[in-house]
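Student: Next one to model:
(one chain, ligands or ions: 1)
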Amino acid sequence: PASTGRRPDGDLTVGGVPLATLAQRFGTPAYVLDESEVRSRCRTYRAAFPEVLYAAKAFLCRAMVRWVEEEGLGLDVCSAGELSLALSAGFPPERIVLHGNAKSPSDIETALTAGVGRIVVDSPAEIARIAALLGPDGRQDVLVRVVPGVAAGGHEKIRTGTDDQKFGLSITDGSAQHAVARVLGQPQLRLRGLHCHIGSQITEVEPYLLAVRRTVGLMARIRDTHRVTLTQLDLGGGHGVPYRPGDPALDLTALARRVREELTASCAAARLPVPRLTVEPGRAIAAPAGVALYRVLAVKRTARTLFVAVDGGMSDNPRPALYGARYAPRLIGRRPVAEAVTATVVGRHCEAGDVLAADITLPGDVRPGDLLAVPVAGAYQASMASAYNLVGRPPVVAVDRGRARLLVRRETQEDLQSRDVGPR
Ligand code: LLP
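Tutor: A predicted model of the protein is given here:
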């Protein structure tokens, strides 16, 4: 987790800065990101895998782009928007990979104009579209995204390794083989390898090993059919992190070792050279480095539940509502005097499903004005935040070695109204 510590007054510090001080200075709700934690996670990945792309969808801002660049990672983007932000922060285009199951012409054009390193092809229609936009003399390295038929992932909505979902091209039904043949038929497209992202918040190693065996199997068939040897295998991301004390965690070192062993063995059995391995972690780099801060606005006891309502909610963290995600909020900024009780932390939005954390423990004297910190908030929160109820999205604050600085400012009423052109 973020480099947290507890001070004598009971307050939590992150990156050497007391969280209550940050709440005071930047207001609440707010996202806090520990820069050295992000950097150290990038380094761990770099040491474990030959190529690492940070999945921008987990969290992106210009500072994050810079950190990831400085730590030697590449970047996985899935829209012209993510790509443009990365380029605006000076990220080298050749280290960028473009993803997406429905890339728009503008996504593809922006990528080709920028000169991204690779495009991951996800549909037959896209193959012709990229070739047409390249023109007769253009050249582009591509990977084909395949579906290996592997079920893994923390929630049904974030499983992408099985057939019958919208991503990739199935190995089982032959769509992958078909797409490979089409790519090889386009002289502008240089097929470098296969891509396979089986899901997210995965805490076991085995599904990745199965994905390796099946993708290497396909590589062997491609060699036999087309006499083409692929040199890259991108295994996607999906590495799970613990959100609460006691949650299972994926052992990164074990994953790297066992994937390498499986890849070597599978390739030896198929008499294939071992392709360069790429991974695309998003959550595992950003999530543990973040903390979300809220202020308690109301406390209400019903017959069965103690509701603690805070100044944010499903607009800054839709994960509990979408995936039943569980968090462990903590009281910060003062020493509790009462025993712990069971409470449910809810947001300020206008629906009963706006629950941030059900049935957790908080001090029994929790009261309006208190501050709550929600650890492991660095991924898929800021990036999935919405403007629901026109509340304004929270700022992102970086902490590092005892200092804090603003990375993304709070969304203002003016921002929220700026696109509304008014009645005629
Ligand atoms: N590569 C591809 C092609 C992906 O689609 C994703 C995530 C990643 C890499 C990074 O996966 P990660 O390492 O972060 O698990 N909003 C959901 C997660 C959706 C993940 C989408 N794709 C959540 O909040 O749990």
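Student: Now for the residue nearest to Glu339 when sequence neighbours are not counted: which residues touch it?
Tutor: In space, and not counting its chain neighbours, Glu339 is closest to Gly364: 5.4 Å by CB to CB, 6 or more residues apart in numbering. Just so you know, the C-beta spots here come from the backbone N, C-alpha and C atoms, and that holds for glycine as well. Under the criterion of CB atoms under 8 Å, 6 or more residues apart in numbering, the contact list for Gly364 reads Pro336, Ala338, Glu339, Ala340, Val341.
Student: Quick one: classify the last one as helix, strand or coil.
Tutor: Reduced to three states with DSSP: H, G, I helix; E, B strand; the rest coil, the structure at Val341 is strand.
Student: quick one: the nearest residue to it once chain neighbours are set aside and the ligand, what's the gap?
Tutor: Ranked by CB to CB, 6+ apart and with sequence neighbours excluded, the top spatial neighbour of Val341 is Gly364, at 4.2 Å. Remark: distance between Gly364 and the ligand (CB to the nearest ligand atom, to the nearest Å) = 31 Å.
Student: can you tell me which residues contact Val216?
Tutor: Contacts here follow CB under 8 Å, 6+ apart; on that basis Val216 touches Leu233, Leu263, Ser266, Cys267, Ala270, Leu272.
Student: cutoff 10 Å now
Tutor: By CB atoms under 10 Å, 6 or more residues apart in numbering, the contact list for Val216 reads 194, 230, 233, 262-263, 265-270, 272, 274-275.
Student: Can you tell me which of these is closest to the ligand?
Tutor: The ligand has its nearest neighbour among the contacts of Val216 in Leu194, at 12.7 Å by CB to the nearest ligand atom.
Student: That closest one - how many residues pack around it?
Tutor: Applying other CB atoms under 10 Å, we find 28 other residues in the vicinity of Leu194.
Student: and it, what element?
Tutor: Taking DSSP states H and E as the definition, one finds Leu194 inside strand 189-195.
Student: In space, what's closest to Gly15 - neighbours in sequence excluded?
Tutor: Closest residue to Gly15 apart from its sequence neighbours, by CB to CB, 6+ apart: Val399 at 3.1 Å.
Student: Read off the pLDDT value for the one you found.
Tutor: At Val399, the predicted lDDT confidence score is 97.
Student: Same question for Ala303.
Tutor: Note on Ala303: pLDDT of 96.
Student: residues from this protein in reach of the ligand?
Tutor: By the rule CB under 6 Å from any ligand atom, the part of the chain lying against the ligand is 55, 57-58, 76, 99, 158, 197, 200-201, 236-239, 280-284, 319, 323, 380.
Student: out of those, which are inside strands?
Tutor: Judged by DSSP state E, the subset of those located in strands is Ala55, Asp76.
Student: are any of the residues of the chain next to the ligand buried, and which?
Tutor: 55, 57-58, 76, 99, 158, 197, 200-201, 236-239, 280-284, 319, 323, 380 (16 or more other CB atoms under 10 Å).
Student: so what strands line up beside the longest strand seen in the chain?
Tutor: The single longest strand within the chain, with elements called by DSSP E, is strand 290-301. Paired with strand 290-301 in the same sheet, following DSSP bridges, are strand 30-34 (antiparallel), strand 306-310 (antiparallel), strand 371-375 (antiparallel).
Student: Before I go, just wanted to say thanks for your time.
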